[in-house]
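**Student:** curious how this folds, go ahead:
(one chain, ligands or ions: 1)
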Amino acid sequence: MSVITIVDRKATLNLQPGHTLMETMDMAGVNIMHACGGNCICGTCNVEILEGMENIPPPAEAERMVLSKLKRKGPNIRLSCQCFPTGDVKLSIALTQPITA
Ligand code: FES
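**Tutor:** Purely as a prediction, here's the structure:
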């Protein structure tokens, strides 16, 4: 089974197929902000993917739009509510920063 490693929480979770990174963390009791409830609006669920980006499909247009408005930027920043991993992923829960349009 694939695992999700959250380095800044010292947590290793089993990948839950068909669930987002955010849902997987939530089910395991790992708290992460998700102000819009996973609807790809707020950006507060952003994480930094440290390893395993190849196991996450590229962002769709809606995710790219939200990511473009975050203060924190970079090719490895993703919205955990929009990522459906297919294999091992190592991540850091990024500082949550709401959109400042
Ligand atoms: S929870 Fe709001 S964008 Fe992910």
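**Student:** can you list the residues of the protein near the ligand?
**Tutor:** When proximity is defined by Cβ under 6 Å from any ligand atom, the chain lies next to the ligand at 34-36, 38-45, 66, 79, 81. For glycine as for every other residue, the C-beta is placed from the backbone atoms N, C-alpha and C.
**Student:** mind checking which of those residues are in helices?
**Tutor:** residue 66 (DSSP state H).
**Student:** select only the buried ones of the residues of the chain next to the ligand in ChimeraX?
**Tutor:** Filtering those down to the buried ones (16 or more other Cβ atoms under 10 Å) takes a single ChimeraX command:
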select :34,36,38,40,42,43,44,45,66,79,81
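**Student:** can you put the residues of the chain next to the ligand in TSV and add pLDDT?
**Tutor:** Below are those laid out as TSV (pLDDT from 0 to 100):
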residue	pLDDT
34	93
35	94
36	96
38	96
39	97
40	97
41	96
42	95
43	94
44	93
45	95
66	97
79	97
81	98
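**Student:** mark which of the residues of the chain next to the ligand are part of strands, please.
**Tutor:** Those of these mapping onto strands are residue 79, per DSSP state E.
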